[in-house]
Each structure stands twice: as C-alpha cells, then as structure tokens.
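Asker: attaching a predicted model along with its sequence, questions to come.
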Amino acid sequence: MEPSEEPKSALVDHAVRSLQALLGSKWEITNEVLDDGAFDARVRLVFPGSKVVEFLVLAERELTPRDINGKIAQTHSILRHAHVWQSLLVVSPWLSPRTQHELREHGVDYLDLTGNVSLNSDDPLVRIHLQGLTKSSSKPSTGRTITLAGSRTGRIVRFLVDHAPPYQAKDVAQTAKVSTAWVSRLLGQLEERLLIQRENRVITKVDWRGLLRARAAAGDLLRDNPHHGGLALNGVRDVLERLRSGAINRPFAITGPHAARALAPLSVGGQLMVYVDASEHEVTGLMDDLGLLPTDESPDVLFLKPQDPVVFEGARVVEGLPHIAPSQLVLDGLAGPGRMPAEAEAVLAWMADHEDEWRR
C-alpha cells in the first residue's frame, strides 16, 4: 500500500518513527490518536530534565500551497490567538518545495516521509531543517497533480511569464496554440500551487519566478533537446564571428553561459550553446561551415534541436547575434548541467530588477 493510501493514523506512526530516528534514543516520544475531528494526533517529545514539547498533528495525504493559505493557516491562527502552548505539526507522504515554503512562511512545522523536515522549539531548544525529495516518488493519485513538462506546457509557461496580466485562458490558448479546455485545466493546477491568482476567470497575478522554477524542475535541458557537440578548431570567438557573417542560413539563437553573461556576468568560459532546428545530417554540414570538428567529449560548441519553436520567441539581438529571451534563458539554465543553474539565478535577479525591459 502506498503511503498516500494508508490511514492517517499509520501516516502519523511513520512520522513518529522518523522523529525518533532524528532525535535519538534519549528522547521519549508519545503518540496519542485524537478523534475530535480537529486534529489527528497529539505528539509529545520529552527530553530528561526538560519541558515537554507538544504538537497537535494534522495528517494530510496530499497538500498544495493553496491548502496552506486556507485550512492550515486558519488552524495555526486559531491556536496562536487562543494562546495554547502546543505547536501545529503537519505530516504528509510528500510536500513539494513550494508547499514547504508556504508552511515555513506561516510558522508551521512539518515532516514528510521522504525526509523533508522543519521542526522548531524554543524550550527545550530544537532546530531541525532537512531536505528530502524535491519530486514525489509516488504516482499521482488524483487529477490534482499535473506535470509541467512537455512542449505545450512550455508554450503556456512562456506566455504567462512574458506577458503581464490581466488576461484569460482563451488569450493564453490562442497564443500558445493549445485548446482552451486544456489551458483551463493547467491554470487550475497553477492556481492550486499559488503560481497564479485569478478573480473570476481573469488571471490577475503570476508568480513568474516560481513558475520558471517549477517548469525547470520538471525538465532537463540536454535530455529534452537532442544535441550535437563540436570542437572549435580556431576557437569559439571564430565561431561567433562566422555566425555573425551569416554562416547559418536558418533561424538560430544562443542560450547557455554565453547568453547568461550578456545579461548577468557571473563566470567566464563554458560551452557555446546554440538552438538550431536542423537534422543530424544538417548539423554536420553546419559544423563544417563553422570550422567545428564533431565530438562527444568536452565540446566547445553544442547545437540543440529545440523541443518546441517557442524557444525562439522573444529573441533579442546582442552584438549582432540572436540570444533567446531571458525567460527561456532561465528555464534552460535551471534545467542545465554544471554551473548553469547558478548563472540562471543571476539572470533571475537581473529580470527582477529590469522587469519593464523584458515583460510585455
């Protein structure tokens, strides 16, 4: 039986055993099942010679960030205003990074069965913050969970990030060339995760930073975009000059470290990554034109065949060469290898400071 299918009492038992393993044998932990409808259990932690730490437990098989701002936040507020000495503890099979963030923002302790833990007490002093799985290892049990991978989701994410609200699902669908019904379903999922906000049917706010992170976490740059590497016999600078002079007679755009440095310089070096919609045979010809020797080992230049043409949308010209849009650059960087995620974080910071320059 999957943890998400077990009775709540079993879920609390799992959590108590995890707590015991974390705190050690000197701590005595008791678990009292409650059937009052408000809480699922009362867990007491006792260390010899210290005060008792007591948690009122809510066991939830599935939680979204939106749930935190509803039931969980209200319960926590009631406890705080009632001046009770117990703390609220949420246990679940798995909590997404965004759900964990919302719980911490509301001052609620949590523990999931994959190892994500945030536990705090002032007397006795307890501070535990551990990171477990960032992706759920179980299969979605309901229609509430949706993946942000795939090309059509990528087009929708780019629209939401690149265009400031207000707009409706039909506007997104028309631009992204996706059915309105499918867009509406995805928007419902994003709203559950607090990545967008709506009033009636109108999108009024987009957490574009969180949305970029969520989309990138669902993908992998080199897995999702077939690629071929080349060794620059005369150096990368020569390749760039040939690109400027029109050596490629088809749409292309630069991504990766070279494009990131143009916006937010963080490091030097790194591969020259170029999106180009070309077959393997055509890429071989392009490499000849650019003075590249095909190689799979430590290539200087990497040609990527885009999963979707959306990567070319919003491209900007930098020193005579097309660079992908900042939003796509962050998506690629966060899902890329090596130091690319750190470079993407620097671009994210630039985007936050220059939103009027890139967002329509």
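Answerer: That came through, no problem.
Asker: which residue ranges of the stretch 151-300 of the chain form helices?
Answerer: 151-162, 169-176, 180-192, 208-217, 221-224, 236-244, 256-263, 280-289 (DSSP state H, counting those that start in this stretch).
Asker: to residue 89, which of those lies closest?
Answerer: Between residue 89 and those, the tightest spacing by C-beta to C-beta is seen for helix 180-192, at 22.6 Å. (Each C-beta comes from the backbone N, C-alpha and C, glycine too.)
Asker: enumerate every residue touching residue 11.
Answerer: Residues in contact with residue 11 (C-beta atoms under 8 Å, 6 or more residues apart in numbering) are 3, 59, 61, 91-93, 113.
Asker: just the element for it, please.
Answerer: Assignment of secondary structure by DSSP states H and E places residue 11 within helix 8-23.
Asker: and the next helix or strand along the chain from that helix, which strands flank it?
Answerer: Using DSSP H and E, the helix or strand that directly follows helix 8-23 along the chain is strand 28-33. Strand 28-33 pairs in its sheet with strand 41-46 (antiparallel), by DSSP bridges.
Asker: so for the helix holding residue 11, mean pLDDT?
Answerer: Across helix 8-23, the average pLDDT comes to 90.
Asker: flag every buried residue along that helix.
Answerer: The neighbour-count check on helix 8-23 (16 or more other C-beta atoms under 10 Å) flags 8, 11-16, 18-19, 23 as buried.
Asker: centre of the chain to that helix, how far?
Answerer: Its chain's C-alpha centre lies 28 Å from the corresponding centre of helix 8-23 when counted by C-alpha atoms, centre = their mean, to the nearest Å.
Asker: show me the strands in the stretch 51-200 of the chain, by range?
Answerer: Counting by DSSP state E, counting those that start in this stretch, the stretch 51-200 of the chain has these strands, from start to end: 52-59, 87-92, 109-112, 117-122, 125-130, 167-168, 196-199.
Asker: can you redo these as TSV with mean neighbour count and mean pLDDT?
Answerer: Formatted as TSV, the strands of the stretch 51-200 of the chain follow (neighbours: other C-beta atoms under 10 Å; pLDDT from 0 to 100):
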stretch	mean neighbour count	mean pLDDT
strand 52-59	21	90
strand 87-92	24	92
strand 109-112	24	94
strand 117-122	17	89
strand 125-130	12	89
strand 167-168	18	95
strand 196-199	16	92
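Asker: take those strands and lay them out in JSON lines including distance to residue 67.
Answerer: Below are the strands of the stretch 51-200 of the chain laid out as JSON lines (distance: least, C-beta to C-beta, whole Å):
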{"stretch": "strand 52-59", "distance to residue 67": "10"}
{"stretch": "strand 87-92", "distance to residue 67": "10"}
{"stretch": "strand 109-112", "distance to residue 67": "12"}
{"stretch": "strand 117-122", "distance to residue 67": "17"}
{"stretch": "strand 125-130", "distance to residue 67": "21"}
{"stretch": "strand 167-168", "distance to residue 67": "25"}
{"stretch": "strand 196-199", "distance to residue 67": "15"}
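Asker: what residue is smack in the middle of the chain?
Answerer: Nearest to the geometric centre of the chain sits residue 214, at 2.6 Å (C-alpha atoms, centre = their mean).
Asker: wait, what's in contact with that one?
Answerer: 98, 148, 193, 195.
Asker: for residue 45, see how far away it is.
Answerer: Using C-beta to C-beta, to the nearest Å, residue 214 is found at 34 Å from residue 45.
Asker: so which of the contacts of residue 214 comes closest to residue 170?
Answerer: Checking the contacts of residue 214 against residue 170 by C-beta to C-beta gives residue 195 as the nearest, at 19.3 Å.
Asker: residue 210 is in contact with the closest one, correct?
Answerer: Yes - here residue 195 reaches residue 210: they are 5.3 Å apart, a contact under C-beta atoms under 8 Å.
Asker: rewinding a little: need the max-distance pair from the contacts of residue 214.
Answerer: Top of the distance list for those (C-beta to C-beta): 98 and 148, 11.8 Å.
Asker: ok, and what's touching the helix or strand of the chain with the lowest mean pLDDT?
Answerer: Counting by mean pLDDT, DSSP states H and E, the chain has its least confident helix or strand at helix 73-81, which shows a mean of 81. Helix 73-81 is contacted from outside by 38, 56, 58, 86-88, 106-108, using C-beta under 8 Å, 6+ apart.
Asker: please name the nearest non-neighbouring residue to residue 128.
Answerer: residue 119 (4.2 Å; C-beta to C-beta, 6 or more residues apart in numbering).
Asker: an error on my part: the question was meant for residue 360.
Answerer: residue 163 (5.2 Å).
Asker: what of residue 327?
Answerer: residue 161 (4.5 Å).
Asker: which ones are touching the one you found?
Answerer: 206, 208, 211-212, 327, 359 are the contacts of residue 161 under C-beta under 8 Å, 6+ apart.
Asker: got it, and residue 308?
Answerer: With contacts defined as C-beta under 8 Å, 6+ apart, the neighbours of residue 308 are 151-152, 154-155.
Asker: for it, give its distance to residue 315.
Answerer: Distance, residue 308 to residue 315, using C-beta to C-beta: 14 Å.
Asker: residue 278 too?
Answerer: For residue 278 relative to residue 315 (C-beta to C-beta), the value is 17 Å.
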